[in-house]
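Asker: quick one, what's the 3D model for this:
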Amino acid sequence: MNSETVIDVERLNVSYDDFHAVKDLTFNVRRGELYALLGTNGAGKTSTLEVIEGHRASTSGKVSILGEDPRNRKAVRPRMGIMLQESGFSADLSAMETLTLIGGLTGREDQPSRVLDVVGLTTKSETRVSALSGGEKRRLDFATAIYGSPELIFLDEPTTGLDVASRDDLWEVVDRLREDGATIVLTTHYLEEAQQRADRIGLMHEGTFRMQGTVTELTQTLPGHISFTLSEDAPVLPLESSTSGGKLLIETHGLQQDLYTLLSWAEANRTELRDLDAGPTRLDDVFRSITRN
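Answerer: Residues are numbered from 1 along each chain as shown. As a prediction, the model looks like this:
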């Protein structure tokens, strides 16, 4: 990953009559990174992406992708791939015909048979879209996005409807594309995918960013936890605690040090910390917090 900016959004606003869907949104995506755009329902993610992808005009603000206005379809479309939640392919076309059509529409060059093999649909190449299963249609959606190995790829809920093995296969392909320099913009409701794979994350709520940064930066905004149970005759704890779900809970921004203090105390007092669990804040905890701020 380098510092070259592939997507640059500056004070983006999108309004529908009296509804202000996106409010002064500013962010950028660097070449080679996987950027996850996450948010609550109605947060403005779809409107933001529609402007970036060139499908909608902004109310105000400046947006550029790959150094171009996204509405300059001739310049931008051959360089980017888009995997929508539902692509709406023609039911009468085969998987092979669908990919060939997408290639012609986008101006990206590739071998449809190669891409079908990459997504595991070689045996379905002559099968009509109407006869594909839900998971197979989703893989075809992915195939149209990566056709021609574009340098910028938008993945909108890419693993919805896929089984575990198919999800793993999809992410392996994404990893290879990134190794070749592709930039990925991801939206997903599977927060564990974003936590595991995103270089940076933008968390939207009510039309604007509430938080933006790496997973570590976001999770460090909330305390980690140490939870356990003690016998009734245990000595006084060395750290402040509360009770949650029948267990003692210590919330901490110094997880390693406080865990060491607690374990040392337990060893010195020959006290068992039953059902001990400790860890940093998870991304889903941060996600929940943005609705309360």
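Asker: can I get stretch 189-205 in PDB, CA atoms only?
Answerer: Taking Å, rounded to 0.1, in the frame of the first residue of the first chain, the C-alpha atoms of stretch 189-205 are listed here in PDB:
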ATOM      1  CA  HIS A 189     -22.800  -6.400   7.900                       C
ATOM      2  CA  TYR A 190     -20.300  -9.100   8.900                       C
ATOM      3  CA  LEU A 191     -18.300  -6.900  11.200                       C
ATOM      4  CA  GLU A 192     -15.800  -9.700  11.800                       C
ATOM      5  CA  GLU A 193     -14.800  -9.600   8.100                       C
ATOM      6  CA  ALA A 194     -14.100  -5.900   8.400                       C
ATOM      7  CA  GLN A 195     -12.200  -6.400  11.600                       C
ATOM      8  CA  GLN A 196     -10.000  -9.100  10.200                       C
ATOM      9  CA  ARG A 197      -9.300  -7.600   6.700                       C
ATOM     10  CA  ALA A 198      -9.700  -3.800   6.600                       C
ATOM     11  CA  ASP A 199      -6.700  -1.500   6.700                       C
ATOM     12  CA  ARG A 200      -9.000   1.300   7.700                       C
ATOM     13  CA  ILE A 201     -12.700   1.700   8.500                       C
ATOM     14  CA  GLY A 202     -15.100   4.500   8.400                       C
ATOM     15  CA  LEU A 203     -18.200   4.200  10.700                       C
ATOM     16  CA  MET A 204     -21.200   6.300   9.500                       C
ATOM     17  CA  HIS A 205     -24.200   7.300  11.400                       C
END
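Asker: now tell me what touches it from outside.
Answerer: 1, 25, 27, 33-40, 43-45, 48, 157, 159-160, 171, 174, 186, 188, 209-215, 218, 282-284, 286-287, 290-291 (C-beta atoms under 8 Å, 6 or more residues apart in numbering). (Glycine included, C-beta is placed from N, CA and C.)
Asker: so which of the residues you listed are in helices?
Answerer: Applying DSSP state H to the contacts of stretch 189-205, the entries found in helices are Lys45, Thr48, Trp171, Val174, Val215, Leu218, Leu283, Asp284, Val286, Phe287, Ile290.
Asker: what subset of these is buried?
Answerer: Neighbour-count burial (16 or more other C-beta atoms under 10 Å) applied to those gives Lys45, Thr48, Val174, Val215, Leu218, Leu283, Val286, Phe287, Ile290.
Asker: wait, isn't the last one in contact with Phe209?
Answerer: In other words, Ile290. No: the criterion here is C-beta atoms under 8 Å, and Ile290 misses it with Phe209 at 9.3 Å.
Asker: got any ranges where this protein has weak pLDDT?
Answerer: Under the criterion pLDDT under 70, the flagged ranges of the chain are 1-3, 293.
Asker: who's sitting farthest from the centroid in it?
Answerer: For the chain, the residue at maximal distance from the C-alpha centroid (C-alpha atoms, centre = their mean) is Asp233, at 47.3 Å.
Asker: now it. Its backbone dihedrals?
Answerer: Backbone torsions of Asp233, given as degrees, to the nearest 10, read phi -100, psi 20.
Asker: any idea how far it lies from Glu240?
Answerer: Counting by C-beta to C-beta, to the nearest Å, the gap from Asp233 to Glu240 is 20 Å.
Asker: over to Met96?
Answerer: 64 Å.
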